[in-house]
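Trainee: Any chance you could fold what I've pasted below:
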Amino acid sequence: MNRIAVLGSTGSIGTSCLEVIAAHPSDMTLVGVSANRSWELLGRQSTTFAPRYAVLCDESLAGQVDTSVFGGHTELLFGDEGIQQLVTDEETDVVVTGIVGAAGLRGTWAALESGKRVAVANKETLVVAGPLVMELAGRRGAEVIPVDSEHSAVFQAMQAGRSREIRRIVLTSSGGPFRGSTAEQLAEVTPRQALAHPTWQMGPKITSTARR
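Mentor: All right, here's what the predicted structure looks like:
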């Protein structure tokens with residue numbers, strides 16, 4: 001049984017992860033969830049899965065949220081200390097990091113220091129501190145597994161042979177509605193057009209930032 005904590009559970013990666021957990025109840029159980037400010041959705045997730053912890057990263061929400069929406073089995077925590085408690089808990093085996101941006105680094109770092117298996121969906125963590133993160137994982141006996149689509153595909157492909165046999169890795173683009181557009185045309189793009197990705201169905205945040 002894999003006991004899983006999902007950081008950023010209200011985003012597109014997080015909600016997809018919860019769907020997988022729900023589909024495999026004999027193999028996976030949810031220990032905790034976290035969100036930045038989306039406390040109502042986090043509360044619904046807590047009611048559905050009854051995790052041990054729910055964490056709101058925005059500490060200013062303490063005392064403002066309706067704690068009854070989290071049910072009677074979930075402890076509500078706040079801020080970095082809450083994330084730390086969730087990812088280092090002895091009942092947590094796997095930490096999925098779906099928090100957008102450099103904010104995801106703290107949770108990833110704390111989980112690796114505790115020797116957890118970390119499923120990284122947060123590319124920024126590796127961009128900002130990749131060598132440090134991998135060094136920490138090796139030193140603490142932790143494991144880093146990429147779950148973002150392209151990185152996961154490369155990771156899985158590399159399991160088929162020896163790493164020394166690989167000379168280069170090529171990441172292709174999924175394209176988008178503006179491929180081939182001129183700078184002048186891009187200057188006239190509307191939010192509706194920017195969110196109309198022809199290949200992926202994702203949340204507004206990740207859809208827009210993925211184009212950068």
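Trainee: For the protein, just list every one of the strands.
Mentor: Counting by DSSP state E, the chain has these strands, from start to end: 2-7, 28-35, 53-56, 75-78, 94-97, 117-120, 143-146.
Trainee: For the last one, the averaged confidence score.
Mentor: Put plainly, it is strand 143-146. Taken as a whole, strand 143-146 has an average pLDDT of 94.
Trainee: go on, stretch 196-204?
Mentor: 70.
Trainee: which other helices and strands contact the lengthiest helix in the chain?
Mentor: When the chain is parsed with DSSP state H, its longest helix is helix 123-140. Using 3 or more CB pairs under 8 Å, 6 or more residues apart in numbering; DSSP states H and E, the elements in contact with helix 123-140 are helix 104-113, strand 143-146. Just so you know, the C-beta spots here come from the backbone N, C-alpha and C atoms, and that holds for glycine as well.
Trainee: Mind listing what's buried along it?
Mentor: 123-126, 129, 133, 136-137 (16 or more other CB atoms under 10 Å).
Trainee: how many degrees apart are that helix and helix 104-113 in direction?
Mentor: Angle between the axes of helix 123-140 and helix 104-113 is 20 degrees (criterion: axes from the mean of the first three to the mean of the last three CA atoms, to 10 degrees).
Trainee: picking up where we left off before, find the one among the helices and strands packed on helix 123-140 with the highest mean neighbour count.
Mentor: The highest mean neighbour count among those, using mean count of other CB atoms under 10 Å, belongs to helix 104-113: a mean of 22.
Trainee: what about stretch 60-73, how long is it end to end?
Mentor: 23 Å (CA to CA, to the nearest Å).
Trainee: any idea how far that stretch is from the chain center?
Mentor: 22 Å (CA atoms, centre = their mean, to the nearest Å).
Trainee: Run through who's touching it.
Mentor: Contacts with stretch 60-73, where a contact means CB atoms under 8 Å, 6 or more residues apart in numbering, come from 37, 39-40, 42-44, 46-47, 50-52, 54, 56, 76, 78.
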